[in-house]
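Novice: Got a sequence here, can you model it:
(chains A and B)
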Amino acid sequence: MTAFAWRSAVASAVLAAGVMAGVFAGASVAAKEAQPLADDPALEQRAMNLAQELRCLVCQNQTIADSNADLANDLRNQIRTMLKQGATDAQVRDYMTARYGDFVLYQPPVKSTTLLLWFGPALLLGGGAIALVVAVRRRRLLPDEDPASADEERRAIELLERQEEGRS
Amino acid sequence: MARFLIPLVAFLLLVGFLARGLWLDPREVPSPLIDKPAPTFQLARLDDPSQSISRQDLLGKVWLLNVWASWCVACREEHPLMVEFAKTGIVPIYGLDYKDTRDAGLQWLGRLGNPYAASLVDADGKVGIDFGVYGVPETFLIDKAGVVRYKQIGPMTPEVLERTIVPLVRRLNG
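Specialist: Take a look at the predicted model:
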């Protein structure tokens, strides 16, 4: 083994050890963050359900339940604390929207500013259906653009008659 | 004519919405705190833990609340601007040292300069949550009645200071 190869083998072993250490460190951090309330699984379930419908503002397409962001962890703990103190689900949601706005709710409330959000798709679908019906109706009422000439009609009848004869 | 015009108008409308969406920054979530009373707080000063500052103490003056932390990279980027702006004396800047340790915070200010009339220690981030902080640095402008008037998410820029903050401070000071 050349000196160079030996060195690179050592380097990769060190690197692998480093990666493993990182993985284990990560795992232990995750375990700390996901610490469930063993003493009250029902409360923990409620907290997680709430966390799943709240958006994490640090990494916006994740819920507070999914995100590993520091803030998401703090907010999960905040939800637990509030539930322990007897807050209702609605109170927790109000607490979050008072601070971060309706944007944190994955299911925004129906109000004047969100009407288009809620009913826009249905409106578009309805509009499309109406346009389709109108277009089809109109096409049906249109006169045939290229009517058969007298000659063509005579030939068509001839063909049909011949077919009839052949069948009988 | 209408046959062609209606789809064209619909298409242009869609393009308009999409173009607008393209230029919006999804990270800038409008704060529900604007024009609402700032959350109450009472926190120890960074330089002197035996003293604390509360929301009530700051009533009667217009002030900036700059949320920062020694671990925050964007804060370092923003900091020289805050130091410069503090020198103008247009409006006092109070710092909120967010989820930081006292030592690290003091060291950071010692190294990079201290633009703050005072910094408050929010070690567990509770006051940060009350202010709806989600991306440090953030800056709030709070008026004499303790009402939040403006919120900047992310690093302060010279443009925002010049065009928004300074005129607003002048107006609020009457």
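
Novice: Could you use CA atoms for every contact and neighbour count after this?
Specialist: OK.

Novice: Distance of the residue lying closest to residue A:71 once chain neighbours are set aside relative to residue B:97?
Specialist: Nearest residue to residue A:71, sequence neighbours excluded (Cα to Cα, 6 or more residues apart in numbering or on different chains): residue B:134, at 7.0 Å. From residue B:134 across to residue B:97, the span is 14 Å (Cα to Cα, to the nearest Å).

Novice: So which of these two has more stuff around it?
Specialist: residue B:97 (25 against 21; other Cα atoms under 10 Å in any protein chain shown).

Novice: which residues does that one bridge with?
Specialist: Going by DSSP bridges, residue B:97 is paired in beta bridges with residue B:68, residue B:121.

Novice: give the contact list for it.
Specialist: Residue B:97 sits next to B:46, B:67, B:68, B:69, B:70, B:105, B:119, B:120, B:121, B:122, B:123 when contact means Cα atoms under 8 Å, 6 or more residues apart in numbering or on different chains.

Novice: now stretch A:133-148, how far from the chain's geometric center?
Specialist: In terms of Cα atoms, centre = their mean, to the nearest Å, the centre of stretch A:133-148 is set 42 Å apart from its chain centre.

Novice: how long is that stretch from one end to the other?
Specialist: Its first and final residues considered, stretch A:133-148 spans 28 Å by Cα to Cα.

Novice: Go through that stretch and flag the buried ones.
Specialist: Buried residues in stretch A:133-148, defined by neighbour count with 16 or more other Cα atoms under 10 Å in any protein chain shown: none.

Novice: and what of stretch B:117-130?
Specialist: B:118, B:119, B:120, B:121, B:122, B:123, B:125, B:126, B:127, B:128, B:129, B:130.

Novice: what's in contact with that stretch?
Specialist: With Cα under 8 Å, 6+ apart, stretch B:117-130 has contacts from A:74, A:99, B:39, B:41, B:43-47, B:52-53, B:92-102.

Novice: What count of nearby residues applies to the residue of chain A at minimum distance from chain B?
Specialist: When scored by Cα to the nearest Cα, chain A has residue A:99 as its residue closest to chain B, at 4.6 Å. Residue A:99 has 19 neighbouring residues, counting by other Cα under 10 Å.

Novice: how many neighbours does the nearest residue to it once chain neighbours are set aside have?
Specialist: With Cα to Cα, 6+ apart as the criterion, residue A:99 has its nearest non-adjacent residue at 4.6 Å, and that residue is residue B:132. Using other Cα under 10 Å, the number of residues around residue B:132 comes to 21.

Novice: what's the next secondary structure element after the helix or strand of chain A with the lowest mean pLDDT?
Specialist: Lowest mean confidence among the helices and strands of chain A (mean pLDDT, DSSP states H and E): helix A:3-33, at a mean of 49. Sequence-wise, the next helix or strand beyond helix A:3-33 is helix A:41-52, with elements assigned using DSSP states H and E.

Novice: List the contacts of that next one.
Specialist: For helix A:41-52, contacts defined as Cα under 8 Å, 6+ apart pick out A:36-37, A:63-66, A:76, A:79-80, A:83-84, A:89, A:93.

Novice: now do stretch A:64-84
Specialist: The contact list for stretch A:64-84 (Cα under 8 Å, 6+ apart) reads A:30, A:33, A:43-44, A:47-48, A:50-56, A:58-59, A:89, A:92, B:125, B:134.

Novice: Name the nearest residue to the most centrally placed residue in chain B, sequence neighbours excluded.
Specialist: The centre of chain B sits closest to residue B:139, judged by Cα atoms, centre = their mean, with a distance of 1.2 Å. Of all residues not flanking residue B:139 in the chain, residue B:66 sits nearest, at 4.4 Å (Cα to Cα, 6+ apart).

Novice: show me what contacts residue A:57?
Specialist: With Cα under 8 Å, 6+ apart, residue A:57 has these contacts: A:104, B:27, B:134.

Novice: do you know how far the second one is from residue B:136?
Specialist: As judged by Cα to Cα, residue B:27 and residue B:136 stand 12 Å apart.

Novice: who's more crowded, these two?
Specialist: residue B:136 (20 against 14).

Novice: what helix or strand does that one sit in?
Specialist: Assigned by DSSP H and E, residue B:136 falls outside every helix and strand.

Novice: measure it to chain A for me?
Specialist: 10 Å (Cα to the nearest Cα, to the nearest Å).
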